[in-house]
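In: Quick check, what structure comes out for this input:
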Amino acid sequence: MNWLTNAAHTRWLESETDALLDFASGSLVEEGFAYLSTEGVPVPSQGSHLWLTCRMIHCFSLGALLGRPGSATMVDHGLRSLASHFHDDENGGWYAQVGPDGPMDDTKPAYAHAFVILAGASAASAGRPGGKELLEQALTVSLQRFWREDEGMVVESWDRTFSELEDYRGVNANMHTVEAYLAAADVTGDDAWLDRATRITRRVVDDFARKQSWRIPEHFDSDWQPLLDYNMDSPSDPFRPAGATIGHWFEWSRLVLHVRAAWAVRGVAAEDWMLEGAQALFDLGVAEGWDVDGADGFVYTVDFEGKPLVRERMHWVVTEALASAAALYRVTGDANIAAWYQLWWEYAAVHLIDTQHGSWVHELGADNEPSATVWAGKPDAYHAVQATLIPRLPLAPVLAPALAQGMLDTH
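Out: Okay, the predicted model is just below:
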């Protein structure tokens, strides 16, 4: 039995999408969307993060496109919060974190600004007022402040006034910029965004990853020289962990296939490295991430010889593995990939899907019991929501534009 071609499994995916959106609806607060506790209650000390608020706008835009009543109201609330509480009217861009009394973190990170683009693209796809305008504004900020044409990458983070740029360069921010630019290309019809997404992807996968036996370096200096020992004194950092991050291998594997499919629908032949890289990253993620220490689950990070560094199991790694498997199966039809897909959903159902409080347990220890070494609470529905939808959609266009074009369950 192949779950990826099973209509009953598709119905189960739909019910899980609904459950995740229902849990996420508890995150609405005045300033945007809150960081939620394990029980689904806003955590006041966290305020509202830009990346989380934008992810929720994206998720509820998907909900609106799926015909879920109430989702459009959530999107509209999020758009208003970006225009008011988050937006820096004096300097441009959006604050990284806000609370009832104003900015809690007034820096301007590329990572979070990529999600502003995604939020705008998804809201525009859902036909929400202000979505298109947000997308145009966010793309302008991205080009002016973050994109470097000569490097084919984005820089990391600015101060409030866009006058001081951090020396660090990160692949994580570039990964989510690829995701955002792919959506922008589909929504605007401007293939310059697809060109930029392809340039980033080519450099990360066909250059950085290939040179490290496909173990993607995450951290670089301002000249894009890898910093392979970065954060070794704090290896479990939630955004900049030491070593190589297993979940990102799966995420890049899928993004490569989105890029490849986007060119295909435009009549452009795929470049040879695309499928090679997608397959290599997937295979290495399985080999060095899954069940490598005697227990089911993916370790968080490994060193550049493939040995585990942080053994905690993050829910988002499983969701990205599931999404990557669905994407790669779409391209290859490989039965072994379908078998991994089924096994990982089984693991998620047994260990991660929280039938008591809702949503997914965000982190497990090496013993597969709840842990909070890296992530406390349940701030994020985005990864899991996407894992329930990617198996039901084509690789191009990406999620929200595909739903807007009526492509659900048509591939």
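
In: Now do stretch 201-212: distance from first to last residue.
Out: For stretch 201-212, the first and last residues are 15 Å from each other (Cα to Cα, to the nearest Å).

In: From the rest of the structure, what touches it?
Out: Contacts of stretch 201-212 with the rest of the structure, by Cβ atoms under 8 Å, 6 or more residues apart in numbering, involve 152-153, 171, 174-175, 178, 215-217, 226, 244, 252, 255-256, 259, 271, 273, 277, 280-281, 304. For the C-beta atoms, the positions are set from N, CA and C on the backbone; glycine is no exception.

In: This structure: helices as residue ranges?
Out: Taking DSSP state H to define them, one finds helices in the chain at 7-24, 50-65, 71-81, 110-125, 131-141, 171-188, 192-201, 210-211, 246-265, 272-289, 315-332, 335-347, 382-389, 399-404.

In: how far is the shortest one from where the chain is centred?
Out: When you say that, I think you mean helix 210-211. Centre-to-centre, helix 210-211 and its host chain are 23 Å apart (Cα atoms, centre = their mean, to the nearest Å).

In: Number the residues from 848 up from this point.
Out: Understood, numbering begins at 848; the last thing we discussed is helix 1057-1058.

In: So what's the model's average confidence on that helix?
Out: Summarised as a single mean, pLDDT over helix 1057-1058 is 98.

In: show me the contacts for Val1221.
Out: Each residue near Val1221 by Cβ under 8 Å, 6+ apart is listed here: Ser1083, Asp1084, Pro1085, Pro1088, Tyr1147, Val1157, Glu1159, Met1161, Glu1210.

In: if we can go back for a sec, tell me which of the helices of the chain lies nearest to Asn1215.
Out: The minimum distance between Asn1215 and the helices of the chain falls on helix 1182-1194, with 8.8 Å, by Cβ to Cβ.

In: With just CA atoms, put that closest one into PDB.
Out: Output of helix 1182-1194 as PDB, limited to C-alpha atoms (Å, rounded to 0.1, in the frame of the first residue of the first chain):
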ATOM      1  CA  ALA A1182       8.700   2.900  -3.700                       C
ATOM      2  CA  ASN A1183      11.400   3.100  -1.100                       C
ATOM      3  CA  ILE A1184      10.700   6.900  -0.600                       C
ATOM      4  CA  ALA A1185       7.000   6.100  -0.200                       C
ATOM      5  CA  ALA A1186       7.900   3.600   2.500                       C
ATOM      6  CA  TRP A1187       9.900   6.200   4.400                       C
ATOM      7  CA  TYR A1188       7.000   8.600   4.100                       C
ATOM      8  CA  GLN A1189       4.700   6.000   5.700                       C
ATOM      9  CA  LEU A1190       7.200   5.200   8.500                       C
ATOM     10  CA  TRP A1191       7.700   8.900   9.400                       C
ATOM     11  CA  TRP A1192       3.900   9.600   9.600                       C
ATOM     12  CA  GLU A1193       3.700   6.500  11.900                       C
ATOM     13  CA  TYR A1194       6.400   8.000  14.100                       C
END
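
In: circling back: any chance of the helices of the chain in a markdown table with mean neighbour count and distance to Thr1008 as columns?
Out: Supplementary listing: the helices of the chain in a markdown table, determined by neighbours: other Cβ atoms under 10 Å; distance: least, Cβ to Cβ, whole Å:
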| stretch | mean neighbour count | distance to Thr1008 |
| --- | --- | --- |
| helix 854-871 | 17 | 33 |
| helix 897-912 | 28 | 17 |
| helix 918-928 | 21 | 22 |
| helix 957-972 | 28 | 15 |
| helix 978-988 | 20 | 14 |
| helix 1018-1035 | 25 | 20 |
| helix 1039-1048 | 21 | 25 |
| helix 1057-1058 | 13 | 36 |
| helix 1093-1112 | 24 | 31 |
| helix 1119-1136 | 20 | 38 |
| helix 1162-1179 | 25 | 33 |
| helix 1182-1194 | 18 | 45 |
| helix 1229-1236 | 25 | 30 |
| helix 1246-1251 | 24 | 33 |
